[in-house]
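Enquirer: Build the 3D model from these lines:
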Amino acid sequence: MWQALRSRCDSCRNKIEDEPVECGSHRSSSCKSTKNQQENWRGPWYLAHGFLLFWVLLFFAVVVPLFYRLPNGLTIEDAGKGVFIAERAQNNLYSFDKIGTKVVGSDGNENKTVAFLLGVVALIEENVLDEYFDIEVDVQVVSGSYIHWTMVNMYQGVQNIAIKLSPKNCTSETYVLINTHFDSKPTSPSAGDDGQMVVANLEVLRVMSSTRQTFKHPIVFLFNGAEENPLEASHGFITKHRWGKLCKLVINLDSAGGGGREILFQSGPNHPWIMSVYKKHIIHPFATSMAEEIFQTGILPSDTDFGNFIKYGSGLVGLDIAQCINGYTYHTKYDRFANIPRGSIQNTGENVLALVRAFSNATELENLSAYASGHAVFFDILGLYFISYSASTGVILNYSIAAVTIILVFISISRIASVSCVSTRYVLCWFILIFVLQVVAFVLGLAVPIGVGYLFDKYGLPLTYYSTPVLMIGLYVFPSLLGLSLPSYIYLKLQKTDKVPFAQQLQLVLHGHAIVLAILGIGITAYGLRSAYVVTWTLIFYVIPLAINLLTTLHDRGFSWTGVLKICQIAPFIYNSYLIYTFLVTLVSMMGRFGRSTNPDLVIALLNGLGAILALGFLIPLVNMFRRPSLILLAVLAVSGVTIYTASSTQIGFPYRPKTNVERVPFLHVRRVFQEYDGTVSKDDSGYLFNFQDRRGPAPLNNTRVNLTGLVSVAPDCDKYMMCGFPMYDHRWVKNKLLAMWLPRSEPVVVPSEIKLEFLGKTLLEDNQTIHMEFRANCTDHCSVFIQPETDVTITNWTFPIAYIGQNTVSHIYFTYGKVNSPLEFFIEFYKPDGDFDVPITQIGLANHFIGRETDPTSQKFTKSLPSYAAPVDWATYYHVSIY
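Expert: All right, here's what the predicted structure looks like:
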């Protein structure tokens, strides 16, 4: 390819050389003198190392400290009127953490936590300014069902604690909703998810109700008791509570970590004024619309109540905010009080308090439809400043900056031709070659780190950076820089033209990169993604120095143009490295629960490569300003080589560490019984059903004390049995069922009780082709019903949502209860064209999960044999399948 392009340019050059160029003898000698001087202006080789070191130090000295910066937590002694006191919230968090796990249906969730929250609320009520506010507390016990992903999510007797704070004599029927959840995943004390947000919400309620600062719209502080199940209590509140239909704006507070700053990652939808209010009132901004677009793709293993509020609410809009730092402890037994510093609570509390005050006075809520005008582009800069504008403004800005970039680049080409005493066509011919090489460089900047990620996964070594994130620099960033810089280095090394000075040729290299970004920005904008703002603002800080250089003589004076460029590049370097660092801090910990089907290293490599291109794309070619730039490339290659060896051949590259960076190991202690149509039992066995959550699967457990002899994939059974023959716990387990693994055990699993589905009777309907069947099950607080009719049978009606009929080959009813433990009763009507119901009609499996109950001694011994870096999430399950 290089030879073909070179031949093309040589041909073009020969034609152009025959053209007369107006350049007098005096000017010609001046041009040659200038070119010779510029060759001597290249700096000594050792300064190149200092140049790169400056940017490394800038990242670690500015970006990283500001990313983790937290305000000082205020103490009770600092208490003033109308301020958030982190110490008081922290004290509540300590008590919240001590309750332990708070699984729906457990005593910890339904009784202890509810009593704790009502006790704190009672103390707040005692100090309410009665002359200013009315406060009303309501405990909702609600039941319902809805379709969630691939299952029916059915709940019974889950609890919501709702507190409405209203200005005295308020007549507004437009409410602001602040939502948190107090339930937890099994084994987790939930200090981060979502205890930190719960206590912040309580403290905001205390401040709002005890401060002589009134507001327009009533505020509902919701503490929902079933988010992890998933999202049941929010559905129950928004669809069935008397205040639900009056809520017009929600601030949802959740967590995928804990102990840092909370990020705004969803807004609206279609209400950019919300971001204007956020911008005006937020104290510690942390947000990006790029995160919103990534989250809404559904690729991340997370979901929040925000989706339910928007989907089922009465025109509800709002903000989705979550903790995102230190996700390693998320949903594990290590999500403890000790991980949440007071400053983090202060940061959250001050932000939430400011937003609640702002939105409870927002006049836009009185007529929301009048302000529905598309999406917003938004982002913060190091947590110090916040920028937002409408998506339509963003489109104009993106196209304008791309156009200005292209225009200024061609003006610059004309100037270079003039200074070099050659025709514009001559320089343009070489620029086309440079542009093609910069396209190659851009591709290599992404492809090389992705290639590293692919090879590590191919040889069974994904997630080497999980506990040692600094490895990403050598694994992905440096390979990306190598790919990004190599084409321009080769071009500048091999090109033979002496008509265009070296400094101007280097400038053309940067112009080529700018054109690549401009075209990329146009493409992303045309596709409809607001994330194009990242490219646009990167280009702005290339256009500015280019314009300055063109308006002065700096453009034409050797390497003088690089001075303004380097100063202006500080801004995009800081922002782009900050943005990508935000995603890496959030996503690296998520890769431990990203599932086995996708190579997480490709995601992390892509992010690192993108960060390198955006932050250093205009800077890495400048190493060619110095003599012997090959030394820099060799140093980059050497660091990458050492890092690859370290990650692949030493314990530093092992992903997991005890307590801090654990491997989640979800598994069920299963006893399963299959009963045939005639009542005989065809299968009665026991074992451990694993749903490994990371790419390495069971490999990290090999060569440890745990005995995994006989561990097999369940995939071969998926064509033989309904739901592969196993009690898949929820929709995520069902999604990953082909990757689940089964470890048989000879001794039967002892479960607290063997609960079976009770068949209540059947009735043949008038058409003689439909039979009505009724069932009952005394389920545990978490159970699943799986239904698979025979191939010539269809379901026409049942107790569950009608819209779910026929969506899947196997219907999955996920049933949970909180305070109300009455049996699950349901009917199903089956249609069979020939009307013969004296043969098997359907299979129905009932899986009862004994979460939080003690397992048998053999199971306990097995669990204790897991290594210290493994965090088991396990319980006993009884699975009974019958044919009717």
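Enquirer: Run through the strands of the stretch 151-300 of the chain in chain order.
Expert: Per DSSP state E, counting those that start in this stretch, the stretch 151-300 of the chain carries strands over the ranges 151-167, 175-181, 219-224, 247-255, 262-268.
Enquirer: Against which helices or strands is the fourth one packed?
Expert: It stands for strand 247-255. Contact partners of strand 247-255 among helices and strands, from 3 or more Cβ pairs under 8 Å, 6 or more residues apart in numbering; DSSP states H and E: strand 175-181, helix 196-209, helix 305-312, strand 317-323, helix 342-359. For every residue, glycine as well, the C-beta is placed using N, CA and C.
Enquirer: Now do the longest one: distance to the chain's middle.
Expert: Think helix 342-359. Relative to the chain's own centre, helix 342-359 is displaced by 22 Å; criterion: Cα atoms, centre = their mean, to the nearest Å.
Enquirer: after it, next one along is what?
Expert: For helix 342-359, the following helix or strand on the C-terminal side (DSSP states H and E) is strand 376-381.
Enquirer: Could I get the helices and strands packed on strand 247-255 in TSV, plus columns for mean pLDDT and mean neighbour count?
Expert: TSV is the format used below for these (pLDDT from 0 to 100; neighbours: other Cβ atoms under 10 Å):
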stretch	mean pLDDT	mean neighbour count
strand 175-181	98	28
helix 196-209	98	26
helix 305-312	96	22
strand 317-323	97	25
helix 342-359	98	24
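Enquirer: looking at the ones you listed, which is closest to P789?
Expert: Taking Cβ to Cβ, helix 305-312 is the member of those nearest to P789, at 29.2 Å.
Enquirer: Specify the angle between the closest one and strand 247-255 in degrees.
Expert: Per axes from the mean of the first three to the mean of the last three Cα atoms, to 10 degrees, the angle that helix 305-312 makes with strand 247-255 is 160 degrees.
Enquirer: what inclination does helix 305-312 have with respect to strand 317-323?
Expert: Using the same axes, to 10 degrees: helix 305-312 against strand 317-323 is 170 degrees.
Enquirer: Give me the helices and strands touching helix 305-312, please.
Expert: Counting by 3+ Cβ pairs under 8 Å, 6+ apart, helix 305-312 packs on strand 175-181, helix 232-240, strand 247-255, strand 317-323.
Enquirer: average model confidence for the third one?
Expert: Per-residue pLDDT values across strand 247-255 average out to 97.
Enquirer: Residue ranges in the stretch 401-550 of the chain under the pLDDT threshold?
Expert: Applying pLDDT under 70 to the stretch 401-550 of the chain flags residues 496-497.
Enquirer: Apply 80 and report the result again.
Expert: Scanning the stretch 401-550 of the chain for pLDDT under 80 picks out the ranges 496-498.
Enquirer: One more: the chain?
Expert: In the chain, residues with pLDDT under 80: 1-42, 79-81, 298-302, 496-498.
Enquirer: export the helices and strands packed on helix 305-312 to a markdown table and tack on distance to R212?
Expert: Below are those laid out as a markdown table (distance: least, Cβ to Cβ, whole Å):
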| stretch | distance to R212 |
| --- | --- |
| strand 175-181 | 19 |
| helix 232-240 | 30 |
| strand 247-255 | 23 |
| strand 317-323 | 27 |
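Enquirer: Let me see the ranges of the helices in the stretch 501-650 of the chain.
Expert: 502-527, 533-551, 561-590, 600-616, 630-649 (DSSP state H, counting those that start in this stretch).
Enquirer: Tell me the buried residues in the third one?
Expert: Of all the residues in helix 561-590, those buried under the rule 16 or more other Cβ atoms under 10 Å are 561-562, 564-566, 568-569, 572-590.
Enquirer: which residues sit in contact with the closest residue to G611 other than its chain neighbours?
Expert: Excluding the flanking residues, the one nearest G611 by Cβ to Cβ, 6 or more residues apart in numbering is I580, at 3.2 Å. By Cβ atoms under 8 Å, 6 or more residues apart in numbering, I580 lies in contact with L607, N608, L610, G611, L614, A615.
Enquirer: Try it again at 7 Å.
Expert: Going by Cβ atoms under 7 Å, 6 or more residues apart in numbering, I580 touches L607, L610, G611.
Enquirer: thinking again about what came up before, got CSV for the helices of the stretch 501-650 of the chain, with distance to S234 too?
Expert: Compiled in CSV, the helices of the stretch 501-650 of the chain are given as follows (distance: least, Cβ to Cβ, whole Å):
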stretch, distance to S234
helix 502-527, 32
helix 533-551, 31
helix 561-590, 22
helix 600-616, 29
helix 630-649, 42
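Enquirer: Of all these, which one is nearest S188?
Expert: In terms of Cβ to Cβ, the element of the helices of the stretch 501-650 of the chain nearest to S188 is helix 561-590, at 14.8 Å.
Enquirer: Report the distance from the closest one to the chain centre.
Expert: Relative to its parent chain, helix 561-590 has a centroid offset of 19 Å by Cα atoms, centre = their mean.
Enquirer: One more: stretch 224-241?
Expert: For stretch 224-241, the distance to the chain centre is 22 Å (Cα atoms, centre = their mean).
Enquirer: Now tell me what touches it from outside.
Expert: Stretch 224-241 has contacts (Cβ under 7 Å, 6+ apart) with 104, 109, 140, 142, 144, 146, 148, 153, 155, 158-160, 162, 179, 181-185, 222, 244, 303, 305, 308-309, 312-313, 816, 818.
Enquirer: Using neighbour counts, trim those to the buried set.
Expert: Neighbour-count burial (16+ other Cβ under 10 Å) is assigned, among the contacts of stretch 224-241, to 104, 109, 140, 142, 146, 148, 153, 155, 158-160, 162, 179, 181-185, 222, 244, 303, 305, 308-309, 312-313, 816, 818.
Enquirer: What are the boundaries of the strands in the stretch 651-800 of the chain?
Expert: 663-675, 681-690, 712-713, 741-745, 758-764, 770-777, 782-789, 794-798.
Enquirer: Turn the ones you listed into JSON lines, including mean neighbour count and distance to I548.
Expert: JSON lines is the format used below for the strands of the stretch 651-800 of the chain (neighbours: other Cβ atoms under 10 Å; distance: least, Cβ to Cβ, whole Å):
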{"stretch": "strand 663-675", "mean neighbour count": "22", "distance to I548": "53"}
{"stretch": "strand 681-690", "mean neighbour count": "17", "distance to I548": "61"}
{"stretch": "strand 712-713", "mean neighbour count": "13", "distance to I548": "62"}
{"stretch": "strand 741-745", "mean neighbour count": "18", "distance to I548": "62"}
{"stretch": "strand 758-764", "mean neighbour count": "12", "distance to I548": "81"}
{"stretch": "strand 770-777", "mean neighbour count": "18", "distance to I548": "75"}
{"stretch": "strand 782-789", "mean neighbour count": "23", "distance to I548": "65"}
{"stretch": "strand 794-798", "mean neighbour count": "17", "distance to I548": "71"}
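Enquirer: I'd say K762 and I771 touch.
Expert: Yes. Assessed by Cβ atoms under 7 Å, K762 is found in contact with I771 at 5.5 Å.
Enquirer: Starting from Q266, give me the distance back to I294.
Expert: Noted for I294: a distance of 11 Å to Q266, by Cβ to Cβ, to the nearest Å.
Enquirer: Looking at those two, which is more packed in?
Expert: Between I294 and Q266, counted using other Cβ atoms under 10 Å, the more crowded position is Q266 (22 against 17).
Enquirer: any residues in contact with both of K762 and I771?
Expert: Residues touching both K762 and I771 (Cβ under 7 Å, 6+ apart): none.
Enquirer: Now do the longest helix seen in the chain: which elements does it pack against?
Expert: Scanning the chain for the longest helix, with DSSP state H as the assignment, gives helix 424-458. Helix 424-458 is packed against helix 2-17, helix 391-420, helix 478-494, helix 502-527, helix 600-616, with contacts defined by 3 or more Cβ pairs under 7 Å, 6 or more residues apart in numbering; DSSP states H and E.
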